[in-house]
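[1] need the 3D shape of this:
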Amino acid sequence: MSVHLYKAEKKDVEIISELLITFKDEDLQNMNYPEVDNKKLKNFINVMLQKGTIILLKDLDLEQVIGCTMFYKGEHWFSKQECINIHTIYVKKSFRNFKFVSALVDSIKKLGKDLPMYLSVTSGLNIDPVFKKLGFKNLGSNWRLN
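    A predicted model of the protein is given here:
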């Protein structure tokens, strides 16, 4: 399978929206999250395109986007030191493997240079071993009160 990573542009908003809706519908269906508001989702994607970066993972054989990562450069809340805040890393279930997740993380590292990277997993998916294998260190837990 041949894949290509590329930086998303304004013309990719619909593709990104469809990909994220697939993520919500397939991976988060039992998490009791609210319905997707398409207008708000597309606005969020546009903000990420303006203030951050979205990298798309495309299967060249199928001519289909199969994954993405969204992140932005920020600062620690207590310091002016910059860091990378990763909002989303996602690969469609039928294509999901370590190689593709690793490629997305490597694309963040490349653009983020040597800045520390932070990722909060709030999907309820138990994927800690994957992030440990990628070199992330567990700094705590996410909690939700319904």
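
[2] so which strand or helix has T22?
    Mapping T22 onto the secondary structure by DSSP states H and E places it in helix 13-27.

[3] please enumerate residues in contact with that helix?
    Contacts made with helix 13-27 from outside it, assessed by CB atoms under 8 Å, 6 or more residues apart in numbering, are listed as 8, 33, 36, 38, 41-42, 45-46, 49, 54, 56, 65, 67-68, 88, 90, 92-93, 123, 125. All C-beta atoms are positioned from the backbone trio N, CA, C, and that covers glycine.

[4] mind listing which of the residues you listed are in strands?
    Taking DSSP state E as the definition of strands, the contacts of helix 13-27 contribute I54, L56, V65, G67, C68, T88, Y90.

[5] residues in contact with the fourth one?
    Which is G67. Applying CB under 8 Å, 6+ apart to G67 gives the contacts L19, L56, L57, I89, Y90, V91, K92, F95, F100, V101, L104.

[6] could you give me the ChimeraX syntax to select whichever of the contacts of helix 13-27 are buried?
    Under the burial definition 16 or more other CB atoms under 10 Å, those of the contacts of helix 13-27 that qualify are selected in ChimeraX by:
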select :8,41,45,49,54,56,65,67,68,88,90,92,123
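
[7] just the buried positions in the strand or helix carrying F71, please.
    The secondary structure element spanning F71 is strand 64-75 (assigned by DSSP H and E). Within strand 64-75, the residues that qualify as buried by neighbour count (16+ other CB under 10 Å) are V65, I66, G67, C68, T69, M70, F71, Y72.
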